[in-house]
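Asker: Provided below for reference: sequence and predicted model.
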Amino acid sequence: MKVLVTHPGRQHSHQAALALEAAGLLAGYWSGVPSSPEQGRFVPRPMWRRLIRYAPVPLPAHRTRWSPTAPLLRQLAHRLPRAAAQEIDFAACRIFDRQAARRLARLPLAERPAAVLACEISARETFTVARRLGIRTWLDAPSIHHLAQDRLHGTTDSARLHARIAEVKNREIELADAIVTVSELARATYVEAGIDSDRVRAVPLGADLELFAPPAEEPERGPGAVFLFAGAPIVRKGFDLLLEAFGRVVATEPSAALRIVGPRGAEAARAGMTFVGPVSQAELAAEMSRADCLVLPSRNDSYGMVVAEALAAGLPVVVSDMVGAAELVVPGENGWVVRAGDGAALAARLLDLAHPPEGPALLRAMRPVCRASAQEATWDAYRGRFVTLVRELLARPPGSAP
């Protein structure tokens, strides 16, 4: 009774695989990102640095498989116009799905898993084969339901591509014995879409409390509040709302600063803003140690791992109510929650926190409470919750809802 995990990239799939391996329940981990340097030993080093940005996964080599097609296609997509890049990204997921399905079909009977956990958009063919072989099908759903996404912020995909993605997602949901989301917020969107609530389970994600930790010595801080945004500068993340809100803040409190970590968008730098660019996890932890408050005003964030990481680093947060990790926030103790899409409410909250000396002093006094509040958002806690769910699901026969 073991479980196969498949994913065209990585996200949190390796944490699920590590949890299963520790519990003696891992059949295999097939991914688009190598689990070990040995898997990419034939890849030229310049290409390796572009393709691989993740640490090795401590899993037995005989349980891991690497399918390089998806990351190679995605690297190509980054060099192309957005419309072409979106088409290629979709194609990469579909190719990975077909590869995993063929590999699953060829497994000897003795090596077949009892269940397969496959990521959305790359699960349809895998689940079709699994159903034929009597293998349980569990959908790894890192995003909220696509109907909720459409309602909250629409899409930048072409109408044709959007319809194809929705068709694949709907079929995967039909084929799935269970759907595993990363937050209760995400789970609710599946239930709202008409999915039987018993089929949808939430397993909140975690953070690395060793990497994301308060600094041993507090850095010297100025009188103004330093806000931090970490993520893609896109509408879904509410980046447009943040720019407008911070513009109001800095006009009143010029000592305030906003540091933006992530890929550079088309926006020009404004007063008080600094574009840091993409950084490693260690560099992100360093940015958090220098900031006073993380801001994530997403219109839709199924979880928002950066919130758990910020709290672990002792950093208060301001998040929208459409961020799954908002469930970690106790208003006034380790952060605040504002309504998604409400730029005025966001600006008002940031203005209060930026007003010296009271605002920055309040944020800095909250740091110990923030760290304590992250204790249930560790990867160890996630792995424990996930294995508990897996054991429950394995007790059910294939093809039946939980």
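Answerer: Arrived safely.

Asker: what packs against the helix or strand encompassing residue 186?
Answerer: Remark: residue 186 resides in helix 184-192, with elements defined by DSSP states H and E. Packing contacts for helix 184-192, counted by 3 or more C-beta pairs under 8 Å, 6 or more residues apart in numbering; DSSP states H and E, involve helix 146-153, strand 178-181, strand 200-202. All C-beta spots, glycine's among them, are computed from the backbone N, C-alpha and C.

Asker: I'd like the ones you listed as CSV, with mean neighbour count appended.
Answerer: As requested, those are exported to CSV (neighbours: other C-beta atoms under 10 Å):
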stretch, mean neighbour count
helix 146-153, 17
strand 178-181, 24
strand 200-202, 22
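
Asker: for residue 352, find the nearest of the ones you listed.
Answerer: Closest to residue 352 of the helices and strands packed on helix 184-192 is helix 146-153 (C-beta to C-beta; 26.2 Å).

Asker: just how off-centre is that closest one within its chain?
Answerer: In terms of C-alpha atoms, centre = their mean, to the nearest Å, the centre of helix 146-153 is found 17 Å from the chain centre.

Asker: quick check: mean pLDDT of whichever helix or strand comes after it?
Answerer: Note on helix 146-153: by DSSP H and E, the next helix or strand toward the C-terminus is helix 159-175. What helix 159-175 shows for mean pLDDT is 96.

Asker: packing partners of helix 159-175?
Answerer: Using 3+ C-beta pairs under 8 Å, 6+ apart: helix 159-175 touches helix 82-106, helix 124-133, strand 136-141, helix 146-153.

Asker: packed most tightly, which of these would that be?
Answerer: Looking across the helices and strands packed on helix 159-175 with neighbours counted as mean count of other C-beta atoms under 10 Å, the highest average goes to strand 136-141: a mean of 25.

Asker: look at residue 191 and say how many residues are nearby.
Answerer: Residue 191 has 14 neighbours, counted by other C-beta atoms under 10 Å.

Asker: what sits closest to it if chain neighbours are left out?
Answerer: Nearest non-adjacent residue to residue 191, counting by C-beta to C-beta, 6 or more residues apart in numbering: residue 197, 4.8 Å away.

Asker: shouldn't residue 374 be in contact with residue 315?
Answerer: No. In this structure, residue 374 is not within contact of residue 315 by C-beta atoms under 8 Å, at 9.9 Å.

Asker: those two: which is more packed in?
Answerer: Between residue 374 and residue 315, counted using other C-beta under 10 Å, residue 315 has the larger neighbour count: 29 against 25.

Asker: okay, the more buried one: pLDDT?
Answerer: Residue 315 is given a pLDDT of 96.

Asker: follow-up on the earlier one: right, so of the helices and strands packed on helix 184-192, which gets closest to residue 4?
Answerer: The closest of the helices and strands packed on helix 184-192 to residue 4 is strand 178-181. By C-beta to C-beta, the value is 14.2 Å.

Asker: against which helices or strands is that closest one packed?
Answerer: Applying 3+ C-beta pairs under 8 Å, 6+ apart, we find strand 178-181 packed against strand 136-141, helix 184-192, strand 200-202.

Asker: what would these look like in JSON lines with distance to residue 95 and mean pLDDT?
Answerer: Formatted as JSON lines, these follow (distance: least, C-beta to C-beta, whole Å; pLDDT from 0 to 100):
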{"stretch": "strand 136-141", "distance to residue 95": "18", "mean pLDDT": "98"}
{"stretch": "helix 184-192", "distance to residue 95": "26", "mean pLDDT": "97"}
{"stretch": "strand 200-202", "distance to residue 95": "28", "mean pLDDT": "97"}
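
Asker: does residue 118 lie in a helix or a strand, and which?
Answerer: For residue 118, the element it lies in under DSSP H and E is strand 115-119.

Asker: how far does that strand sit from its chain's centre?
Answerer: Centroid separation for strand 115-119 versus its chain: 17 Å, with C-alpha atoms, centre = their mean.

Asker: sorry, back to before: buried ones in the helix holding residue 186?
Answerer: 185, 186, 187, 188, 189, 190 (16 or more other C-beta atoms under 10 Å).

Asker: in contact with the closest residue to the first one other than its chain neighbours, which residues?
Answerer: The one in question is residue 185. Once flanking residues are discounted, residue 185 sits nearest to residue 324: 4.3 Å by C-beta to C-beta, 6+ apart. The contact partners of residue 324, by C-beta atoms under 8 Å, 6 or more residues apart in numbering, come to 182, 183, 184, 185, 186, 204, 301, 302, 303, 304.

Asker: again, but for residue 169
Answerer: The contact partners of residue 169, by C-beta under 8 Å, 6+ apart, come to 120, 121, 146.

Asker: now do the contacts for the first one.
Answerer: Think residue 120. Contacts of residue 120 by C-beta under 8 Å, 6+ apart are 139, 140, 141, 142, 143, 169, 172.

Asker: same question, the last one
Answerer: The contact partners of residue 146, taken as C-beta under 8 Å, 6+ apart, are 165, 166, 169.

Asker: show me the strands in this protein, by range?
Answerer: Taking DSSP state E, the strands of the chain run over residues 3-7, 26-31, 64-66, 115-119, 136-141, 178-181, 200-202, 226-230, 257-261, 273-277, 293-296, 317-320, 335-338.

Asker: the helices and strands packed on strand 178-181: which one's closest to residue 234?
Answerer: helix 184-192 (18.3 Å).

Asker: pull the residues that contact that closest one.
Answerer: With C-beta under 8 Å, 6+ apart as the test, helix 184-192 has contacts from 141, 143-145, 147-148, 173, 179, 181, 197, 200-202, 204, 302-303, 322-324, 326-327.

Asker: swap in stretch 199-207?
Answerer: By C-beta under 8 Å, 6+ apart, stretch 199-207 touches 12, 15, 176-184, 186-187, 190-191, 303, 305, 308-309, 311-312, 324-325, 327, 374, 377-383, 385-386, 389, 401-402.
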